[in-house]
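# A predicted structure for the sequence below; I have some questions about it.
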Amino acid sequence: MNLIEFIRFRKRRHLPMGKFAVLLSVLLITMVTYPFIDDYAWLSTLIAVIGLFTILAALWAVSDSKVAFVLTALLAVPAFGMNVLNSLAETDRYAYFAVPMAFAFYTLVNIKILRSVVTAKEVNWDILCGAISVYLLLGMNWTLIYTFIDMFDANAFSIHSSLAPEESVIGNRDYFFFSFVTLTTLGYGDIVPLTVPARVFAVLEAITGQLYIAVIIGKIISVSPLRNVMPAPMERHNKFHKTDEHTNTPTDAS
């Protein structure tokens with residue numbers, strides 16, 4: 001596609017800030033700020049505010065379905081409340097409720113957005129943002145899975161021994177890092193799953209990440225409006241070299 005064709009495509013397909021685009025923006029902000037949560041005390045409050053905006057954006061993303069909206073709202077309220085209580089408490093007793101609720105919430109949101117992406121008749125800017133949001137939510141969901149595994153077995157994961165002793169304890173942001181490294185099959189090897197459940201979920205995440213990219217790219221290409229901007233070679237040939245039906249003599253389209 002040359003520059004002129006791209007400009008024409010952009011004019012034909014406006015890029016509005018739709019509901020999936022808003023959710024993607026909030027998720028990207030979360031990804032940038034969350035890894036620093038333990039380094040700066042004021043970030044805990046900011047992360048809580050961003051978490052609230054994430055929930056609101058996710059609710060808007062599923063608002064076209066009344067059933068999905070009600071179910072996600074019923075999960076979002078207690079999940080956010082438990083998370084706030086857990087951050088204020090001296091122990092992690094509320095996390096045993098907050099983590100599963102947050103996982104159920106984001107799973108339901110992911111299913112609804114994925115359904116919207118897969119059933120879309122045409123790919124526009126907002127659908128693309130929805131497809132990316134699903135991928136990021138997959139990484140965040142597996143972060144919750146690894147966190148939950150660690151709550152029941154502190155030895156389920158091991159971090160590289162070359163780190164300083166105070167850095168050898170695995171925290172939530174480490175599972176956030178490990179989740180996306182596994183989802184993209186990058187695999188640095190600095191954090192290693194040791195137990196069977198940890199290894200099973202790590203393998204499942206890696207497979208999910210690869211299958212999602214393959215399937216979603218195929219779906220996007222199949223309904224992409226770019227095909228209308230760039231006609232196939234045979235279509236261009238037939239446009240400028242029409243053939244007379246009776247004599248099979250090529251005639252100029254003009």
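In hand now; what should we look at?
# from the chain's centroid, how far away is stretch 86-105?
In terms of C-alpha atoms, centre = their mean, to the nearest Å, the gap separating the centre of stretch 86-105 from the centre of its chain is 22 Å.
# list the buried residues in that stretch.
Applying a neighbour-count criterion of 16 or more other C-beta atoms under 10 Å, one finds 86, 94, 95, 97, 98, 99, 101, 102, 103, 104, 105 buried in stretch 86-105. For the C-beta atoms, the positions are set from N, CA and C on the backbone; glycine is no exception.
# which residue, other than its chain neighbours, is closest to the fifth one?
In this case it means residue 98. Among residues not flanking residue 98 along the chain, residue 82 sits closest, at 3.6 Å (C-beta to C-beta, 6 or more residues apart in numbering).
# pLDDT averaged over the helix or strand hosting the one you found - what is it?
Assigned by DSSP states H and E, residue 82 belongs to helix 66-88. In this model, helix 66-88 has a mean pLDDT of 84.
# can you tell me what sits against that helix?
By C-beta atoms under 8 Å, 6 or more residues apart in numbering, the residues outside helix 66-88 that reach it are 44, 48, 51-52, 55, 58-59, 62-63, 92-95, 97-98, 101-102, 104-105, 108-109, 112.
# go again with 7 Å.
44, 48, 51-52, 55, 58-59, 62-63, 92, 94-95, 97-98, 101-102, 104-105, 108-109, 112 (C-beta atoms under 7 Å, 6 or more residues apart in numbering).
# quick one: list the elements packing against the helix or strand encompassing residue 134.
According to DSSP H and E, residue 134 maps onto helix 125-152. Contacts defined by 3 or more C-beta pairs under 7 Å, 6 or more residues apart in numbering; DSSP states H and E place helix 125-152 against helix 19-33, helix 95-118, helix 172-183, helix 196-222.
# give me the neighbour count for residue 81.
The tally of other residues near residue 81 (other C-beta atoms under 10 Å) stands at 14.
# kindly report the same for residue 122.
Residues near residue 122, counting by other C-beta under 10 Å, number 10.
# kindly report the same for residue 142.
25.
# hmm, it is touching residue 179, no?
Yes. Here residue 142 reaches residue 179: they are 4.3 Å apart, a contact under C-beta atoms under 7 Å.
# what's the pLDDT at the nearest residue to residue 160 once chain neighbours are set aside?
Distances taken as C-beta to C-beta, 6+ apart put residue 190 closest to residue 160, at 4.4 Å, once the chain neighbours are dropped. Listed pLDDT for residue 190 reads 86.
# can you check residue 196 too?
Per-residue pLDDT puts residue 196 at 95.
# please report the distance of it from residue 94.
Distance from residue 196 to residue 94, counting by C-beta to C-beta, to the nearest Å: 28 Å.
# same check on residue 221?
Distance of residue 221 to residue 94, given as C-beta to C-beta: 45 Å.
# do the same with residue 20
Between residue 20 and residue 94 the computed distance is 31 Å (C-beta to C-beta).
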